[in-house]
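> model this:
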Amino acid sequence: MDSQTLEAYAQHAPEWIARDGDRESPLQHLFSVAFGTLRPGRAVRVLDVGAGRGRELLALQRMGFDAWGIEPSAALRAATRPGLVHPLMEGSLPDALPSSWPFDGVVCSAVLQHIPRGQLFESVLALRDCLVPGGRALVSIPRGPRPDVDADGRDPWGRLFNNVGVDEFLLLFERVGFTFLTRSDNDDAWGRPGVAWATLLFERPALSGNTRPIDQLASVLGKGEKKYATYKLALLRALNDLAATQPHVARWREDGRVAIPANAIAELWIRYYWPLLSGPLFVPQMQGDQRERQHTFKFASELIHLIEAYRGRNGLDGFEIACVEGSLGSSASLHKTTLQKIRQAIRSGPVVHAGRGSSDGPIFEWDRDQVLVSRLLWREFSLLNHWIGDSLILRWAELIHSLSAKQVGVEQSVALLLPKTSVWLTARHTGPVADIYKNLQTARCVWSGKRIPEGELAIDHVIPWALWRNNDLWNLVPTLASINQKKSDQLPSRRLLRARTSAIKDTWGVSLERWPDRFRREAQRHIPGSVTSTALVDALFDSLVESVETLRLQRGLEVWDGPGSRAA
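This next block holds a predicted model:
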């Protein structure tokens with residue numbers, strides 16, 4: 001739960017309590033429909049998550065349900081409504097729910113909008129894990145953005161609003177295994193202008209045999225599986241990132257598994273661990289490191305030497321540029337050795353130990369420098385990568401906090417791990433492409449077709465930098481500066497991509513002619529299988545359209561339909 005939101009409730013509790021008064025629950029007409037038929041002839045046990053003063057809880061108990069409630073705010077627990085059968089318990093999402101005490105139903109009213117995005121995935125899993133098979137969850141969430149929320153997502157009280165829409169919540173619940181049953185919309189109980197609610201009813205399906213892949217993933221993410229190093233989280237994060245940005249690196253096998261090249265994972269590990277080792281703050285990654293003040297994981301020495309080689313040479317950005325331009329020079333052998341040591345760490349570490357304690361056994365296998373995952377688990381990464389990624393970063397930061405004996409704060413680690421705020425992948429490296437078009441008298445804007453006058457050239461990331469942080473040549477196209485400003489961080493629509501197909505491919509032809517090896521190498525990561533040079537551009541364009549549509553659907557993003565249009 002967001003700490004600033006809890007502090008807001010503590011500070012404004014008297015005001016909130018006075019406004020709440022004895023108002024009845026706007027959800028009580030749904031309780032019988034949601035839970036009344038779950039256990040004929042027996043008391044139905046319901047948990048109210050984020051119960052506040054117990055408004056919904058009291059209504060449930062009066063209707064004959066064996067209702068219990070948890071509430072993180074001590075101020076609200078101290079002011080519970082009179083008449084509650086069971087006292088409110090302390091607890092919050094995502095970690096502090098009584099999962100060992102299964103319930104037939106869960107009510108979660110006006111809570112999930114306050115959960116940070118990085119905790120939503122595990123929060124929904126926690127709601128599911130509270131339920132018996134066949135149990136139901138009744139969830140009330142805002143029907144649209146709050147009118148009184150500032151640019152930081154805070155209302156005047158200081159409460160966090162994550163601005164996740166109803167459709168996005170629906171998708172998240174269904175993807176973690178819930179079945180959607182029905183929806184009910186209602187106005188705000190307090191009559192606040194611009195505030196309305198959607199109440200969604202879900203069911204956790206009955207057990208159907210083996211553990212679902214999402215449960216395997218949740219077990220590794222959760223605190224139940226011991227972690228003596230950050231390797232497991234790094235492997236999961238790499239697989240998740242590859243599923244999001246390089247899905248065609250996967251090779252589908254006839255035995256129902258997917259093979260991921262270990263080298264592709266190792267390359268990402270360099271980028272994950274670099275900022276954790278390159279700064280003045282000691283950030284332990286293995287148990288015992290904090291005590292000795294020394295990194296002891298398998299590839300630490302090699303990576304530190306690689307970091308030192310680029311100190312004064314623009315750090316990780318300099319290394320990234322050298323990699324894509326094929327100019328590592330004397331660092332090439334050190335890079336190769338680092339990748340080799342990382343592959344060894346992956347093989348002997350998380351491949352062996354992730355999921356080892358579960359009834360299903362290890363999640364991963366190793367085969368000829370490839371990590372094997374079940375096709376169903378790879379599907380979960382492909383569908384849920386946006387949510388899983390945030391959760392993994394948060395768990396990694398929490399593990400660092402623990403490994404450092406609380407000397408490194410969670411927020412400090414998140415700042416190093418998050419691409420948006422870290423020292424890695426910060427440079428929009430568009431200079432070489434810009435240099436080409438500055439010298440082309442016939443340069444035209446990809447999105448408008450208009451000639452680009454001197455001084456008005458901009459290089460646009462087709463898939464916005466804010467989403468993918470991708471400087472591959474195929475993602476860089478010339479535009480008018482004014483149009484680039486209008487497009488900003490929006491995705492181009494499929495209609496626009498199709499309309500500007502020839503212009504995009506012509507741009508790629510210029511880059512391919514100037515940097516043939518680099519362009520082919522970068523393109524090959526984003527297309528399925530190997531293709532001939534003549535078919536490369538066509539296959540790459542189809543993959544671009546697929547990537548844009550996938551991002552739009554998975555993240556519920558608006559698209560840009562070209563100059564003169566609005567986002568749609």
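
> the helices in the stretch 151-300 of the chain, which residues?
Secondary structure of the stretch 151-300 of the chain by DSSP state H, counting those that start in this stretch: the helices cover 166-175, 213-221, 231-245, 262-278, 289-292, 300-309.

> tell me the pLDDT at the nearest residue to residue 36 once chain neighbours are set aside?
Spatial nearest neighbour of residue 36, chain neighbours left out: residue 44 (7.4 Å); criterion: CB to CB, 6 or more residues apart in numbering. To be clear about C-beta, it is placed using only N, CA and C from the backbone, and glycine gets the same treatment. If you check residue 44, the pLDDT there is 92.

> on that earlier part again, is it possible to get a markdown table of the helices of the stretch 151-300 of the chain that adds distance to residue 520?
Supplementary listing: those in a markdown table, determined by distance: least, CB to CB, whole Å:
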| stretch | distance to residue 520 |
| --- | --- |
| helix 166-175 | 35 |
| helix 213-221 | 34 |
| helix 231-245 | 18 |
| helix 262-278 | 17 |
| helix 289-292 | 41 |
| helix 300-309 | 26 |
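
> quick one: low-confidence ranges for the stretch 151-300 of the chain?
207-212, 222-225 (pLDDT under 70).

> still on that earlier bit, residue contacts, the residue nearest to residue 36?
35-36, 38, 65-66, 104-105 (CB atoms under 8 Å, 6 or more residues apart in numbering).

> mind redoing it with 6 Å?
Counting by CB atoms under 6 Å, 6 or more residues apart in numbering, residue 44 touches 35, 38, 65, 104.

> which one of those is nearest residue 499?
residue 35 (51.6 Å; CB to CB).

> Residue 105 is in contact with that closest one, correct?
Yes - between residue 35 and residue 105 there is a contact under CB atoms under 6 Å: 4.2 Å.

> what touches both of the two?
Residues touching both residue 35 and residue 105 by CB under 6 Å, 6+ apart: residue 46.

> Which one's more surrounded, those two?
residue 105 (28 against 25; other CB atoms under 10 Å).

> mind checking the SS state of that one?
Here residue 105 is strand, with the state taken from DSSP: H, G, I helix; E, B strand; the rest coil.

> Show me the beta-bridge partners of it.
residue 46, residue 136 (DSSP bridges).

> give the contact list for it.
Each residue near residue 105 by CB under 6 Å, 6+ apart is listed here: 35, 46, 135-136.

> please redo it, this time with the cut-off set to 8 Å
Residue 105 touches 34-35, 38, 44-47, 65, 131, 135-138, counting by CB under 8 Å, 6+ apart.

> what would those residues look like in CSV with distance to residue 386?
Formatted as CSV, those follow (distance: CB to CB, whole Å):
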residue, distance to residue 386
34, 29
35, 31
38, 32
44, 35
45, 33
46, 31
47, 28
65, 35
131, 24
135, 26
136, 26
137, 21
138, 25
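
> those strands in the stretch 1-150 of the chain, which residues are they?
Using DSSP state E, counting those that start in this stretch, the strands found in the stretch 1-150 of the chain span residues 45-49, 66-70, 103-109, 131-142.

> swap in the stretch 451-568 of the chain?
457-461, 476-480, 491-492, 559-560.

> In a markdown table: these, plus distance to residue 449, mean neighbour count and mean pLDDT.
Listed next are the strands of the stretch 451-568 of the chain as a markdown table, based on distance: least, CB to CB, whole Å; neighbours: other CB atoms under 10 Å; pLDDT from 0 to 100:
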| stretch | distance to residue 449 | mean neighbour count | mean pLDDT |
| --- | --- | --- | --- |
| strand 457-461 | 14 | 21 | 92 |
| strand 476-480 | 10 | 25 | 93 |
| strand 491-492 | 14 | 25 | 94 |
| strand 559-560 | 16 | 20 | 91 |
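
> so can I have CSV of the ones you listed showing distance to residue 439?
Below are these laid out as CSV (distance: least, CB to CB, whole Å):
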stretch, distance to residue 439
strand 457-461, 10
strand 476-480, 12
strand 491-492, 26
strand 559-560, 28
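
> which one of those lies closest to residue 434?
Using CB to CB, the strands of the stretch 451-568 of the chain put strand 457-461 closest to residue 434, at 5.1 Å.

> can you list contacts of the closest one?
428, 430, 433-434, 437-438, 443, 446-447, 468, 470-471, 475-481, 483-485, 487.

> okay but residue 103 is in contact with residue 47, surely?
Yes - when contacts are counted by CB atoms under 8 Å, residue 103 is listed as touching residue 47 (4.4 Å).

> Please identify every residue contacting each of the two.
68, 130.

> picking up where we left off before, which one of the helices of the stretch 151-300 of the chain is the most hemmed in?
helix 231-245 (a mean of 24; mean count of other CB atoms under 10 Å).

> Check which helices and strands that one sits against.
In terms of contacts (3 or more CB pairs under 8 Å, 6 or more residues apart in numbering; DSSP states H and E), helix 231-245 is packed against helix 213-221, helix 262-278, helix 332-348, helix 350-353, strand 370-374, helix 375-403.

> Run through who's touching that helix.
Contacts for helix 231-245 (CB under 8 Å, 6+ apart): 217, 220-221, 225, 227, 249-250, 260, 264-265, 268-269, 272-273, 297, 345-346, 349-351, 353-354, 364, 371, 373, 378, 381-382, 385-386, 388-389, 392-393, 395-396, 399, 468, 470, 547.

> how does it look with 7 Å?
Residues outside helix 231-245 that contact it (CB atoms under 7 Å, 6 or more residues apart in numbering): 220, 249, 260, 264-265, 268-269, 272, 345-346, 349-350, 354, 373, 378, 381-382, 385, 388-389, 392, 395-396, 399, 468.

> Can you list the low-confidence ranges for the stretch 401-550 of the chain?
The stretch 401-550 of the chain contains residues with pLDDT under 70 at 419-429, 528-531, 533.

> Helices of that one, start to end?
Going by DSSP H, counting those that start in this stretch, the stretch 401-550 of the chain shows helices at 410-417, 431-438, 465-468, 481-487, 494-499, 501-514, 516-524, 533-555.

> Next, the distance between the ends of stretch 121-140.
17 Å (CA to CA, to the nearest Å).

> let me redo that: stretch 46-56
So stretch 46-56: terminal residues 11 Å apart, CA to CA.

> dump the residue contacts of residue 351.
With CB under 7 Å, 6+ apart, residue 351 has these contacts: 364-366, 371.

> hmm, try it at 6 Å
Taking CB under 6 Å, 6+ apart, one finds 364, 366 in contact with residue 351.

> Between the contacts of residue 44, which sits nearest residue 286?
Nearest member of the contacts of residue 44 to residue 286, counting by CB to CB, is residue 104, at 42.6 Å.

> what's the burial count for that closest one?
21.

> go on, residue 369?
Residue 369 has 13 nearby residues by other CB under 10 Å.

> Likewise for the one 4 residues further on?
Residues within reach of residue 373, counting by other CB under 10 Å, total 25.

> any idea of the mean pLDDT in stretch 109-117?
Per-residue scores along stretch 109-117 average to 89.

> buried stuff in it?
Neighbour-count burial for stretch 109-117 flags 109-117 (criterion: 16 or more other CB atoms under 10 Å).

> can you check stretch 70-80 too?
Buried-residue list, stretch 70-80, by 16+ other CB under 10 Å: 70-73, 75-77, 79-80.
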